[in-house]
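*Asks:* got a predicted model here, sequence first, then my questions.
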Amino acid sequence: MIRFLALILICQLAGETIQVATRVTVPGPVIGMAILFAGLLIRRGLPQGLNDTATGLLRHLALLFVPAGVGVMLHIPRLAGEWWPIALAIVPGTLITIVITALVMERLGRATLRPEDKV
Amino acid sequence: MTPPDLAEIWVYLAQKPLTGLTLTLSAYVVGDWFYEKSGRHPLLNPVPIAIALIAGLLWVTGVPYQDYFDGAQFVHFLLGPATVALAVPLYQQIDILRKSGPALLAGVLLGSMTAAGCAWGFAFLGGASTETVLSIIPKSVTAAIAMGISDQLGGLPSLTAVLVILTGITGAVLGPLALNLAGIQDWRARGLAMGVAAHGIGTARAMQVNAVAGAFAGLAMGLNGLATAILVPLIFALLS
């Protein structure tokens, strides 16, 4: 368990290092994800321990957004003053994005759809 | 010796990292309890419940956000390792991801531009201040990337973080209903859309519902971050 947690942290650290060194706009953890993914492709297999550690971290992914979300209290005056444009951008904006993305994927992906991936 | 009163104890405890950490986990447990009790109904997402409980308590007791975050940062920190860990579900679904390649890329690119375009257009037409417009453009991108883009455009990164989370909550709560209304029956497409529009919070929701949807959401989140980080500053430079 600790071994694989260390591996994940090493990938993140490598990602952060690459990000700082090359000044790309992609954050370190995303580069770290690409490094781990490349490693799995080269190794051609997923160690059970890594699977368990990653599943444990991701099981409550939503929880990890709570501390930053509480920061909403710092921006209450602006959110209250500009609630209309903000709500317009967030609610219809997000739902239009969801529907357009899903329609493009569904229409273009019809030929490759496996029966078990149908709702 | 007189016993200290409750207010004094709270003032002391509020400055301890343990309190912010405990508060975060407890509020999430409460939110998750409601979510599970409702049969994981999208409207009862645990994230907004937990945020409302904590923000409400801090507001009532007058504790500054920074004091709370000193403790909660231990949870916040795990966002980095969790992002790296997304490589695992991606690898598990590699065959189907590879097969769906062109459709997947087309969906992410179009979705990415729709997200940024709608955010800009709606905020601008609604009469938002320039700062708010610039801060809201990367709202569908995962927080770390979005804050970088916002900074580059001249927005306020801390405002962007909040708008990103509000967007994630909106997508996770209302997204499944919109997908049902649009009649989308392909789990790949449902997952991809949640990842593009509602980043990690949408991905968390997708992973709980279907493994294929979860893998597509995770990949979509990463690719959308990449596409937006490259294209939006470029489009801005060309227009100005």
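*Replies:* Arrived safely.
*Asks:* anything in the longest helix along chain A near chain B?
*Replies:* Longest helix in chain A, counting residues (DSSP state H): helix A:83-108. Yes: against chain B, helix A:83-108 shows contacts by Cβ under 8 Å from any Cβ of the partner chain at A:84-86, A:88-108. In this view, the C-beta of every residue, glycine as well, is placed from N, C-alpha and C.
*Asks:* of the residues you listed, keep whichever come out buried.
*Replies:* Applying 16 or more other Cβ atoms under 10 Å in any protein chain shown to the residues of helix A:83-108 next to chain B, the neighbour count classes A:85-86, A:88-91, A:93-106, A:108 as buried.
*Asks:* what's A:Thr97 in contact with, if anything?
*Replies:* B:111, B:114-115, B:118, B:140, B:193, B:196-197 (Cβ atoms under 8 Å, 6 or more residues apart in numbering or on different chains).
*Asks:* for B:Phe236, that is, sorry about that
*Replies:* B:Leu153.
*Asks:* for B:Gly154, see how far away it is.
*Replies:* 9 Å (Cβ to Cβ, to the nearest Å).
*Asks:* so B:Arg205 touches B:Gly195, yeah?
*Replies:* No: assessed by Cβ atoms under 8 Å, B:Arg205 is found out of contact with B:Gly195, at 10.1 Å.
*Asks:* who's more crowded, these two?
*Replies:* B:Gly195 (34 against 28; other Cβ atoms under 10 Å in any protein chain shown).
*Asks:* so that one touches B:Ala215, yeah?
*Replies:* No: B:Gly195 is beyond contact range of B:Ala215, at 9.4 Å (criterion: Cβ under 8 Å).
*Asks:* residues in contact with B:Leu105?
*Replies:* B:Leu223 are the contacts of B:Leu105 under Cβ under 8 Å, 6+ apart.
*Asks:* that one is in what secondary structure piece?
*Replies:* helix B:101-125 (DSSP states H and E).
*Asks:* so how far is the helix or strand just after that helix off the chain centroid?
*Replies:* Counting by DSSP H and E, the next helix or strand C-terminal to helix B:101-125 is helix B:130-136. In terms of Cα atoms, centre = their mean, to the nearest Å, the centre of helix B:130-136 is set 18 Å apart from its chain centre.
*Asks:* quick one: the helix or strand that B:Pro48 is a member of to chain centroid distance?
*Replies:* Using DSSP H and E, B:Pro48 sits in helix B:46-61. Centroid separation for helix B:46-61 versus its chain: 17 Å, with Cα atoms, centre = their mean.
*Asks:* what residues of that helix count as buried?
*Replies:* Neighbour-count burial for helix B:46-61 flags B:46-51, B:53-55, B:58 (criterion: 16+ other Cβ under 10 Å).
*Asks:* domains for chain B, by residue range?
*Replies:* B:6-77, B:84-239 (automatic domain parsing).
*Asks:* now those in a markdown table, with mean pLDDT and distance to A:Ala6?
*Replies:* Shown next, in a markdown table, are the domains of chain B (pLDDT from 0 to 100; distance: least, Cβ to Cβ, whole Å):
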| stretch | mean pLDDT | distance to A:Ala6 |
| --- | --- | --- |
| domain B:6-77 | 89 | 15 |
| domain B:84-239 | 91 | 12 |
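*Asks:* residues in contact with stretch B:57-72?
*Replies:* Residues outside stretch B:57-72 that contact it (Cβ under 8 Å, 6+ apart): A:66-67, A:70-71, A:73-74, B:10, B:14-24, B:54, B:76.
*Asks:* three-state assignment of B:Lys139?
*Replies:* Put simply, B:Lys139 is coil when judged by DSSP: H, G, I helix; E, B strand; the rest coil.
*Asks:* tell me the contacts of the nearest residue to it once chain neighbours are set aside?
*Replies:* The shortest distance from B:Lys139 to any residue other than its chain neighbours is 4.4 Å, reached at B:Thr167 (Cβ to Cβ, 6 or more residues apart in numbering or on different chains). Shown in contact with B:Thr167 (Cβ under 8 Å, 6+ apart): A:90, A:94, B:139-140, B:197-199.
*Asks:* doesn't B:Thr167 lie inside a strand?
*Replies:* No: under three-state DSSP, B:Thr167 falls outside any strand and is assigned helix.
*Asks:* ok, now which ones touch whichever residue of chain B sits closest to chain A?
*Replies:* Closest contact between chain B and chain A, by Cβ to the nearest Cβ, is at B:Gly126 (2.7 Å). B:Gly126 makes contact with A:82, A:84-86, A:88-89, according to Cβ under 8 Å, 6+ apart.
*Asks:* can you do 6 Å?
*Replies:* With contacts defined as Cβ atoms under 6 Å, 6 or more residues apart in numbering or on different chains, the neighbours of B:Gly126 are A:84-85, A:88.
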